[in-house]
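Chemist: Have a look at this prediction, sequence included:
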Number of protein chains: 2
Amino acid sequence: MARTHTTSLEKSLVLLRAIIADGGRTPFNEIVSDLNLPTSTAYRLVSQLVDAGFASRYGPNSFGPGIVAALLYQRTDVSALVARLARPLLKDLASKSGLTSHLGVLENGMVTYKVRIPGRAPRAAGFTREGMQLEAYCSAVGKVLLGGLSSDALDDYLNEGAFVPLTPYTIVDPSVLRQEISAIRESGIAIDNREVAEDMICLAVPVLGPGGEIIAAISSSMPYNDKAPPEPMMYRTSLEGCSQILSARLCGKTIAVDA
Amino acid sequence: MARTHTTSLEKSLVLLRAIIADGGRTPFNEIVSDLNLPTSTAYRLVSQLVDAGFASRYGPNSFGPGIVAALLYQRTDVSALVARLARPLLKDLASKSGLTSHLGVLENGMVTYKVRIPGRAPRAAGFTREGMQLEAYCSAVGKVLLGGLSSDALDDYLNEGAFVPLTPYTIVDPSVLRQEISAIRESGIAIDNREVAEDMICLAVPVLGPGGEIIAAISSSMPYNDKAPPEPMMYRTSLEGCSQILSARLCGKTIAVDA
DNA sequence: GTGCCTTCTCCCATATGGTGAGAATTTCAC
DNA sequence: GTGAAATTCTCACCATATGGGAGAAGGCAC
């Protein structure tokens, strides 16, 4: 059910989003009637959007994104933005749990760590650095991010990759990896069980974008100890909470639509 | 003097643009006072922009572009958009002048022709095709676009390029080319005087984006004829008029600021 | 050309929603 | 704590958004 939008600005932004998302394919009057906007109101609003450069007239009954806004928004680095919003949250997470926290994104098949907040544990997750790239198949963050790929892209990744074991626990068999990733998609959580370093266990969850797509992953790393093996799932709730807050900050009041 | 903006939407979009353009560097209250907006109004507006995903809160007193909008706008292909808006104008230009009209953009040192409208002349500019790429140094469109490069980028281009003559008239000396490009920057118009094909002359002017930067170039091509050499400058006014209309459509009411 | 249909703009009476000063509250640094 | 800055809230006023409808402006078929 279409909620009725009260302020004029809200209405305008909803209209603008519809116009940009559509890209000029759907006739304008259709977009407008889908939003339950009166014609004359819609024209009034869209003409202001055009004047400001946020939309453009493509032709009769057809509008699309505006150049001015496109040029401005194209200068923004989305993952830098995500990192910036994530940093304070991860700081909080790290200080509450005492664990090293990371945020990573996928960049052509590799995980790039955009944020790293060290925990209190003596030498936990010692070797990662911000900006560092790591193979995706062995880390918890990487496995979550691989789960966000389309099935075609994932097939390519699994076929092309040479999966070098970093520890005896690293998953190197593509079919096992596929299984693992599919399980992670289901459960929404990934564990790196000493796969990247023998003395480390890692828990990761996805960060969702406005359309529910996976745009990043955050993780908590804890040292492994034979005598007192850690209970990674203890930290699930706080990690998920952090991800949800981050998603909410990223998306505004926009609620990710569920199918 | 800051003009006073009447409608609430206009105010919001001006504010939004300032926020995005700044990228979160300038404190919010500074942006706001530069725009002569009352504090409480500014907060009211920006919170709606954030809710809609067009802006994000970066920290105290700091806002920047929103992810939702960034992701949407990043899907738009700016040059395709320019081409789409240019096509009807070039059609008009071609039918009025009878000359073949082109719109081209620069893509890593080469000109890509995004629009081509054939003229009436028998076999005018016969070999270009839409989507075709051509070396920049010899065509009128290319020379205009090179004029839009920063001086560093232009230096690189002139140093790296191997300038192969296509006709006896092609400019192949980098220092002559530099001179030519600088003259074009001054005059705002470029001529390809049989440099690409012996039987063709071409006139090109830049298409300006919202900040006055050169984002494309349009041209009129005419066949060269020894007995009755064409007068390319005859077509200058109509070409420039076309460019101005296109710029205006691209930028909305946004007036390109002159230094 | 003529007529028809759609897109688009303009007008205007109405009242909804925008406005912004100032107070109140929260946040943060020291 | 204490003070300063950031942020939200309140509210009375009235500017401005609203949207139905008229009609201008194209476009298309014939």
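Modeler: Received, thanks.

Chemist: drop to CA atoms for contacts and neighbour counts, all remaining ones
Modeler: Noted.

Chemist: Show me which residues of stretch A:224-233 are buried.
Modeler: Within stretch A:224-233, the residues scored as buried using 16 or more other CA atoms under 10 Å in any protein chain shown are A:224, A:232.

Chemist: same thing with stretch A:81-97?
Modeler: Buried positions in stretch A:81-97, judged by neighbour count with 16+ other CA under 10 Å: A:81-83, A:85-87, A:89-91, A:93-95, A:97.

Chemist: isn't residue A:22 right next to residue A:64, touching?
Modeler: Yes. Contact criterion CA atoms under 8 Å: residue A:22 and residue A:64 qualify, at 7.3 Å.

Chemist: Of these two, which one has the most company?
Modeler: A direct count of neighbours by other CA atoms under 10 Å in any protein chain shown for residue A:22 and residue A:64 places residue A:64 higher, at 26 against 17.

Chemist: My reading is that the more buried one lies in a helix. Confirm?
Modeler: No. If the criterion is DSSP: H, G, I helix; E, B strand; the rest coil, then residue A:64 is strand and not within a helix.

Chemist: my guess is it meets residue A:49, correct?
Modeler: No. With contacts counted by CA under 8 Å, residue A:64 stays clear of residue A:49, the gap being 10.5 Å.

Chemist: any shared contact partners between these two?
Modeler: A:55-56 (CA atoms under 8 Å, 6 or more residues apart in numbering or on different chains).

Chemist: Please name every helix or strand in contact with the longest helix along chain A.
Modeler: The longest helix of chain A (DSSP state H) is helix A:78-97. Using 3 or more CA pairs under 8 Å, 6 or more residues apart in numbering or on different chains; DSSP states H and E, the elements in contact with helix A:78-97 are strand A:100-107, strand A:110-117, helix A:236-251, helix B:67-74.

Chemist: Mind listing what's buried along the longest one?
Modeler: Of the residues in helix A:236-251, those with enough neighbours to count as buried (16+ other CA under 10 Å) are A:236, A:239-240, A:242-244, A:246-251.

Chemist: Same check on the last one?
Modeler: Within helix B:67-74, the residues that count as buried by 16+ other CA under 10 Å are B:67-74.

Chemist: Tell me the one among the buried residues of stretch A:81-97 nearest to residue B:188.
Modeler: Proximity of the buried residues of stretch A:81-97 to residue B:188 (CA to CA) peaks at residue A:81, which lies at 38.3 Å.

Chemist: Not including adjacent chain positions, what is the nearest residue to that closest one?
Modeler: Closest residue in space to residue A:81, ignoring its immediate chain neighbours: residue B:67 at 7.6 Å, by CA to CA, 6 or more residues apart in numbering or on different chains.

Chemist: Going along the chain, name the strands of chain A.
Modeler: Under the criterion DSSP state E, strands of chain A are mapped to A:55-59, A:62-65, A:100-107, A:110-117, A:133-135, A:190-193, A:200-208, A:214-223.

Chemist: Which one of these lies nearest to residue B:17?
Modeler: strand A:55-59 (13.0 Å).

Chemist: that older thread, JSON lines for the buried residues of helix B:67-74, including pLDDT and distance to DNA strand D?
Modeler: Below are those laid out as JSON lines (pLDDT from 0 to 100; distance: CA to the nearest atom of the strand, whole Å):
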{"residue": "B:67", "pLDDT": "94", "distance to DNA strand D": "19"}
{"residue": "B:68", "pLDDT": "95", "distance to DNA strand D": "19"}
{"residue": "B:69", "pLDDT": "96", "distance to DNA strand D": "20"}
{"residue": "B:70", "pLDDT": "96", "distance to DNA strand D": "22"}
{"residue": "B:71", "pLDDT": "95", "distance to DNA strand D": "24"}
{"residue": "B:72", "pLDDT": "95", "distance to DNA strand D": "24"}
{"residue": "B:73", "pLDDT": "96", "distance to DNA strand D": "24"}
{"residue": "B:74", "pLDDT": "95", "distance to DNA strand D": "27"}
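
Chemist: export those to a markdown table and tack on distance to residue A:149?
Modeler: Output for these, formatted as a markdown table (distance: CA to CA, whole Å):
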| residue | distance to residue A:149 |
| --- | --- |
| B:67 | 19 |
| B:68 | 19 |
| B:69 | 22 |
| B:70 | 20 |
| B:71 | 17 |
| B:72 | 19 |
| B:73 | 21 |
| B:74 | 19 |
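
Chemist: how about a markdown table for the strands of chain A, with mean pLDDT and distance to DNA strand C added?
Modeler: Output for the strands of chain A, formatted as a markdown table (pLDDT from 0 to 100; distance: least, CA to the nearest atom of the strand, whole Å):
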| stretch | mean pLDDT | distance to DNA strand C |
| --- | --- | --- |
| strand A:55-59 | 93 | 6 |
| strand A:62-65 | 96 | 6 |
| strand A:100-107 | 95 | 20 |
| strand A:110-117 | 95 | 18 |
| strand A:133-135 | 94 | 31 |
| strand A:190-193 | 96 | 31 |
| strand A:200-208 | 95 | 23 |
| strand A:214-223 | 95 | 22 |
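
Chemist: looking at those strands, which is closest to residue B:139?
Modeler: Nearest to residue B:139 among those is strand A:55-59 (28.7 Å), distances taken as CA to CA.

Chemist: What about contact with chain B: does that closest one have any residue there?
Modeler: Yes. Applying CA under 8 Å from any CA of the partner chain, one finds strand A:55-59 in contact with chain B at A:56-58.

Chemist: Any of these buried? List them.
Modeler: Members of those classed as buried by 16+ other CA under 10 Å are A:56-58.

Chemist: Could you pull up the residues touching whichever residue of the stretch 151-259 of chain A sits closest to chain B?
Modeler: The minimum distance from the stretch 151-259 of chain A to chain B, using CA to the nearest CA, falls at residue A:252 (4.2 Å). Residue A:252 is in contact with B:50-53, B:56, counting by CA under 8 Å, 6+ apart.

Chemist: so which of those residues is the most crowded?
Modeler: Taking other CA under 10 Å as the neighbour criterion, residue B:56 ranks highest of the contacts of residue A:252 with 28 neighbours.

Chemist: and that one, bridged to which residues?
Modeler: Residue B:56 forms beta bridges with residue B:64, as assigned by DSSP bridges.
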